[in-house]
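# Any chance you can model this:
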Amino acid sequence: MPFLKDLPAPALLVLVYLSWIVIGTGLLLLPVASTQGISLSDALFTSTSAVTVTGLAVVDTGTAFTPFGQGVLMLLIQLGGMGLMTFAVMVLSSLGLKIGMAHRRYLREEMGLASMGGVLDLVWIIFRIVLVCELLGMFLMATVFVPEFGWKQGLWQAAFHSISAFNNAGFSLFPDSLMGYVDNPVIIFTVSIQFMIGGLGFAVLSDIMVFRKWSRFSLHTRLMLAGTLAIVAVSCLTYGLLEWTNPETLGGLHSLQAKLQAVWFESVTPRTAGFNSMNTAGIHDSTALFTMILMVIGGGSTSTAGGIKVTTAVVLFLATIAFFRKTGRMRAFGYSIGLEQGLKVMALLTVSLFLILIGLFILVGTHHHLDFIDAAFEVTSAFGTVGLSRGATGELNDIGRLVICAIMFLGRLGPLTLGFFLASKTPPRVKYPEGQVFLG
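Residues are numbered from 1 along each chain as shown. Down below sits the predicted model:
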């Protein structure tokens, strides 16, 4: 269609993702996709959650869908995780078709890259990383699932959870997610390492594969790795301190190994993975608040994760330090970060907070029976495309489901992409004198 060529990249991405959500909804409504039939609302919510790799579910994935329906979910998760434009460019390239500048521009927008240099090389690096990680994860999990369920069902379970884990989707074929495997190190560490690798970002993984030395890594990679290490360390300590004696979570586990594995898993899953190894509804309110902060931060840029991203949080922290030191410049690892990056961080944070607050306002206003912190947890989980829930998902009415679908959609596309789409790019013709505003 010729008119598509004139669309800005963010607008095309919106259309592409919406198209796959509609296609996924139609496929899930087919009689062959579900065991007893599902409603249009169920299908739309599930399709949106899969394409945006969130993992929030209004029906039990393992019992409500047939193998065909579960296969549709796997496809939607894979496309949503890799990026629909990434997948399209990979297919065109493999067929020997020329990838024009327009396609590269759309791909750069979807992947959140600053320039188009090396975009196609990164696409094939992404493909190799996805293939190796998902096959290896499937093999490791099959060593547990095959003895338990048999070859056919065990391999299917392993494949589904491997794809869901690497793409940070959080969909599980078990009604209690991975709570039944909290004391199984193979499942716990395979799944967690998969979604952590997927959540680092393909740009970071590309740097690691190509350069392999810290001194040659880009500033983005250094900030992402350092920020991830700091967040994981703080998260493990915080979860352990808050939940160690809680009888509904860690306190209910009888072995030290299971407790430590649960602390690790619950500390890293809010990076938008969505799996849980203990009862999320049973965590303390303080833990829920801390989890919401982690869900807002999310994972890495150019990754399968959502949220405002780790590097955004790090730059915001550096900007705060620069302000108090009155240096006027942000510095990290021998590099200087410009003012424009700081303004982007503020814009992203502002749009994100407004999106969360507006969604929470509508949800609370239309669901008076919901506990406030449960509603806030649900909205934050949707924005970060996490998939964790304290039980509010099943209590949503049609308005609530549409609100959560919209937040999942905007959370996946990125508030900054939305901002670029809405913002006028016309340079101002009139310049005004600088004024002083008293702040704080």
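# what's near enough to touch Ser235?
Ser267, Val268, Pro270, Phe290, Leu294 (Cβ atoms under 8 Å, 6 or more residues apart in numbering). Where C-beta positions appear, they are placed from N, C-alpha and C, glycine not excepted.
# right, and Asp285 touches Asp371 too?
No: judged on Cβ atoms under 8 Å, Asp285 makes no contact with Asp371 at a distance of 9.5 Å.
# list residues touching both of those two?
With Cβ under 8 Å, 6+ apart as the test, Asp285 and Asp371 reach no residue in common.
# Can you tell me the closest non-neighbouring residue to Glu395?
Leu370 (6.5 Å; Cβ to Cβ, 6 or more residues apart in numbering).
# That neighbour: which element?
Per DSSP states H and E, Leu370 falls between elements, in no helix or strand.
# For it, grab phi and psi.
phi -80, psi 140 (degrees, to the nearest 10).
# these two touch, right, it and Ala392?
Yes: between Leu370 and Ala392 there is a contact at 5.7 Å, judged by Cβ under 8 Å.
# which of these two has more neighbours?
With neighbours defined as other Cβ atoms under 10 Å, Leu370 and Ala392 compare such that Ala392 has more, 24 against 19.
# For that one, grab phi and psi.
Residue torsions, per degrees, to the nearest 10, at Ala392 are phi -80, psi -20.
# With the one 5 residues further on instead?
Main-chain dihedrals, Asn397, degrees, to the nearest 10: phi -90, psi -170.
# so where's the chain uncertain?
Scanning the chain for pLDDT under 70 picks out 1-10, 12, 83-124, 415-429, 436, 438-440.
# and the longest helix for it?
Counting by DSSP state H, the longest helix found in the chain is helix 119-149.
# Quick one, which of the contacts of Ser235 are buried?
Ser267, Val268, Pro270, Phe290, Leu294 (16 or more other Cβ atoms under 10 Å).
# hey, where'd the strands end up in the chain?
330-332, 335-337 (DSSP state E).
# Can I get the ones you listed in a markdown table including mean neighbour count?
Listed next are those as a markdown table, based on neighbours: other Cβ atoms under 10 Å:
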| stretch | mean neighbour count |
| --- | --- |
| strand 330-332 | 17 |
| strand 335-337 | 14 |
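# next one: phi and psi at the closest residue to Gly180 other than its chain neighbours?
With Cβ to Cβ, 6+ apart as the criterion, Gly180 has its nearest non-adjacent residue at 6.3 Å, and that residue is Phe174. Main-chain torsions, Phe174, degrees, to the nearest 10: phi -100, psi 140.
# Go through stretch 280-298 and flag the buried ones.
Quick answer for stretch 280-298 (16+ other Cβ under 10 Å): 280, 282-283, 287-288, 290-292, 294-298.
# Likewise for stretch 301-318?
So for stretch 301-318, counting by 16+ other Cβ under 10 Å, buried means 301-316, 318.
# quick one: Gln261 and Gly240, what's the gap?
12 Å (Cβ to Cβ, to the nearest Å).
# more crowded one of those two?
Gln261 (22 against 17).
# got the contact list for that one?
Applying Cβ under 8 Å, 6+ apart, the residues near Gln261 are Val182, Asp183, Pro185, Ile188, Phe189, Ser277.
# okay if I get the strands of the chain as TSV plus distance to Ile125?
As requested, these are exported to TSV (distance: least, Cβ to Cβ, whole Å):
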stretch	distance to Ile125
strand 330-332	25
strand 335-337	23
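# okay but Val268 is in contact with Ser192, surely?
Yes: Val268 is within contact range of Ser192, at 5.4 Å (criterion: Cβ under 8 Å).
# where along the stretch 151-300 of the chain do the helices fall?
Using DSSP state H, counting those that start in this stretch, the helices of the stretch 151-300 of the chain run over residues 151-166, 185-200, 202-210, 219-243, 256-268, 285-297.
# Tell me which residues of the shortest one come out buried.
What it means is helix 202-210. Neighbour count says helix 202-210 has Phe202, Ala203, Val204, Leu205, Ser206, Asp207, Ile208 buried, by 16+ other Cβ under 10 Å.
# Run the chain-centre distance for it.
Distance of helix 202-210 from its chain centroid, counting by Cα atoms, centre = their mean, to the nearest Å, is 19 Å.
# Who are the packing partners of it?
helix 119-149, helix 219-243 (3 or more Cβ pairs under 8 Å, 6 or more residues apart in numbering; DSSP states H and E).
# can I get those in JSON lines with distance to Ile404?
Converted to JSON lines, the helices and strands packed on helix 202-210 look like this (distance: least, Cβ to Cβ, whole Å):
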{"stretch": "helix 119-149", "distance to Ile404": "27"}
{"stretch": "helix 219-243", "distance to Ile404": "25"}
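# circling back: among the helices of the stretch 151-300 of the chain, which comes closest to Arg401?
In terms of Cβ to Cβ, the element of those nearest to Arg401 is helix 285-297, at 19.3 Å.
# between that closest one and helix 256-268, how many degrees?
Helix 285-297 and helix 256-268 are oriented at 50 degrees to each other (axes from the mean of the first three to the mean of the last three Cα atoms, to 10 degrees).
# need the contact list for Asp398.
By Cβ under 8 Å, 6+ apart, the contact set of Asp398 is Ser41.
# List the single closest residue to Thr385 in space, sequence neighbours excluded.
Gly306 (3.3 Å).
# Wait, the one you found touches Gly384, no?
Yes: if you go by Cβ under 8 Å, Gly306 and Gly384 touch, sitting 4.8 Å apart.
# shared neighbours, those two?
Common neighbours of Gly306 and Gly384, using Cβ under 8 Å, 6+ apart, are Thr272, Gly298, Gly411.
# Need those in TSV (columns: distance to Ala158).
Below are the shared contacts of Gly306 and Gly384 laid out as TSV (distance: Cβ to Cβ, whole Å):
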residue	distance to Ala158
Thr272	22
Gly298	26
Gly411	28
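# what's the burial count for Thr272?
Neighbours of Thr272 using other Cβ under 10 Å come to 34.
# and if you look at the one 5 residues further on?
The burial count assigned to Ser277 is 28, neighbours taken as other Cβ under 10 Å.
# got it, and Leu140?
18.
# show me the contacts for it.
Val186, Thr190.
# distance of it from Thr61?
Counting by Cβ to Cβ, the gap from Leu140 to Thr61 is 21 Å.
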